[in-house]
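Trainee: missing the sequence, but the structure's below:
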């Protein structure tokens, strides 16, 4: 086995001055030890990798005036609460506290991940923690303070460790690079700091991982090894979003994911990028971003191209996607749909709301989706972009506007129908075409209007068709259909004709059949039903 020592151990703090990012805590502990006013029980709480255990070891050495190379095994005890979380483990610890130290003044017990102790172990520990022997001191460390019972918290002096800033991590990594004679790019160290989430131990582990590949730290090398997306890719994605370039945006997203970038990391990274863009829009908050000078200028340029409202909505959409990512079966499709939502956003200034807009197909006519699509290219040449028209879709929504529009169309058609002959029609002609129109609507899947047109039988009087419906809702539906129906009859009969609607609520009663009525109707359509009834001796 090699003699290699990981950076997290090699460059572990050995005194209070070496601790990064916890100046307030280290100054307080230093003064308390100097003035002999340190409590008998300390609780160090905070995120992982920020120096809790390192500070506990420094406190133990400072209390006993030990040198770094001293053998402290008889005075400093480090216990793991995860593997000694029962009552028996605490009882053994209490028994050991009765024995005075062999060297030095104090026996120091460092209990890591103390929140893992059981309820019984906590209760067994209470009395000793409150009134330990004069030669004993306890330092408890945890990442989950809320899991510790209040009676333990009340007996400890609590120190809250904070996350280490990115600037602090970058400065420490620069010092290590100078000691190890490693060439580096500032942006590469910034990427490592951003990835470590305020934990120095994580930053040093990532540092070792990249340095193990090459003795030179570059931004590209860090992105490849840490499964992150580089800054240039985020800039490119933003430009594609800003230009509504959906085809190339989808291609770029798939290219990023195919390079091994995890989908949730991609979404989280893009959210952080938009957050940085938002922060850069105001001079008061620009110091919250951590980029080198060149990338910071690019970020300022990006922030000038997009509005506050859009950035907030982008982050909101990405946040929803991140929440639903683990529940999604097709995660790549979820990411693509998320990006399509972002591209399709449109802000309504009057309603102060966002909506998704459908980007017309002709917007992409000049972009080739497939290299082998020769037919598509020929069709594109035959159909110039200038000749493409977008037709308005008709809606079937029942509203006052649609009714008014229908009446306007009808009034216009009356002017155009002057060339029809004024001839008397027969009811047979009308009924035949009425049934034909119903069949056409059923073939189109418009079963609702077809059923309404079957409610009753139309009558004819002086080229005026009279039709009865059972309620006002049916009358409104027919009124919306009136123009198309009348126009159909006029064109087929070559004569002027009008449709008059009336509401007759007694129709519903006529449409209610008893079992005997239903049988008689079936018998009229097929007389063989009577023979079937008699053969099997059936009753109604």
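Mentor: Noted; the coordinates are in hand. Treat the numbers as computed from the prediction; the structure is a model and nothing was measured.

Trainee: Just say helix, strand or coil for residue 47.
Mentor: Using DSSP: H, G, I helix; E, B strand; the rest coil, the secondary structure recorded for residue 47 is coil.

Trainee: change the start of the numbering to 678 and stick with it
Mentor: From this message on, residue numbering opens at 678, which makes the last subject residue 724.

Trainee: Count the neighbours of it for me.
Mentor: Residue 724: 15 surrounding residues under other C-beta atoms under 10 Å. Bear in mind the C-beta positions are built from the backbone N, C-alpha and C, glycine included.

Trainee: So it sits against residue 820, correct?
Mentor: Yes. Because the distance of 6.4 Å satisfies C-beta atoms under 8 Å, residue 724 is recorded as touching residue 820.

Trainee: overlap in contacts of those two?
Mentor: The contact sets of residue 724 and residue 820 do not overlap (C-beta atoms under 8 Å, 6 or more residues apart in numbering).

Trainee: Just the buried positions in stretch 901-913, please.
Mentor: Along stretch 901-913, the positions that meet the burial threshold by neighbour count (16 or more other C-beta atoms under 10 Å) are 902, 903, 905, 906, 907, 908, 910, 911, 912.

Trainee: start to end distance for that stretch?
Mentor: Start to finish, the residues bounding stretch 901-913 are 18 Å apart (C-alpha to C-alpha, to the nearest Å).

Trainee: Check stretch 830-839 too.
Mentor: Here stretch 830-839 reaches across 19 Å from its first residue to its last, counting by C-alpha to C-alpha.

Trainee: what do you get for stretch 741-761?
Mentor: 26 Å.

Trainee: Next: stretch 682-696.
Mentor: 19 Å.

Trainee: what comes into contact with that stretch?
Mentor: Stretch 682-696 has contacts (C-beta under 8 Å, 6+ apart) with 697, 702-704, 706-707, 728, 731-732, 735, 739, 745, 849, 853, 877-878, 881-882, 884-885.

Trainee: before we move on, the earlier item: please render the buried residues of stretch 901-913 as TSV that adds pLDDT, distance to residue 1202 and secondary structure to the earlier fields.
Mentor: Supplementary listing: these in TSV, determined by pLDDT from 0 to 100; distance: C-beta to C-beta, whole Å; DSSP: H, G, I helix; E, B strand; the rest coil:
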residue	pLDDT	distance to residue 1202	secondary structure
902	78	79	helix
903	76	77	coil
905	78	74	coil
906	83	71	coil
907	82	76	coil
908	85	77	helix
910	90	71	helix
911	90	71	helix
912	91	74	helix
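
Trainee: Which of those sits closest to residue 1149?
Mentor: Distances from residue 1149 to the buried residues of stretch 901-913, taken as C-beta to C-beta, are shortest for residue 911 (58.0 Å).

Trainee: That closest one touches residue 950, doesn't it?
Mentor: Yes. When contacts are counted by C-beta under 8 Å, residue 911 is listed as touching residue 950 (4.4 Å).

Trainee: okay, and for the stretch 1028-1177 of the chain, where does confidence drop off?
Mentor: 1028-1100 (pLDDT under 70).

Trainee: do that again at 50, thanks
Mentor: Low-confidence segments of the stretch 1028-1177 of the chain, defined by pLDDT under 50, span residues 1038-1039, 1042-1076, 1078-1079, 1086, 1089-1093.

Trainee: Ok, the stretch 778-927 of the chain next?
Mentor: Using pLDDT under 50, the stretch 778-927 of the chain has no residue that qualifies.

Trainee: list the buried ones in the host helix or strand of residue 1168?
Mentor: Secondary-structure element containing residue 1168, defined by DSSP states H and E: helix 1149-1170. Taking 16+ other C-beta under 10 Å as the neighbour-count basis, helix 1149-1170 is seen to contain the buried residues 1151-1152, 1154-1160, 1162-1164, 1166-1167, 1170.

Trainee: returning to what we had before: quick one: which of the buried residues of stretch 901-913 is nearest to residue 712?
Mentor: Proximity to residue 712 was ranked across the buried residues of stretch 901-913 by C-beta to C-beta; first place goes to residue 903, at 44.8 Å.

Trainee: how close does the spatially most central residue of the chain sit to residue 1130?
Mentor: Central residue of the chain (C-alpha atoms, centre = their mean): residue 998, 1.7 Å from the mean position. Distance of residue 998 to residue 1130, given as C-beta to C-beta, to the nearest Å: 47 Å.

Trainee: before we move on, what about residue 896?
Mentor: Here residue 896 is placed at a distance of 71 Å from residue 1130 (C-beta to C-beta).

Trainee: Next: residue 763.
Mentor: 81 Å.

Trainee: Look at those two and report which has more neighbours.
Mentor: Between residue 763 and residue 1130, counted using other C-beta under 10 Å, the more crowded position is residue 1130 (23 against 13).
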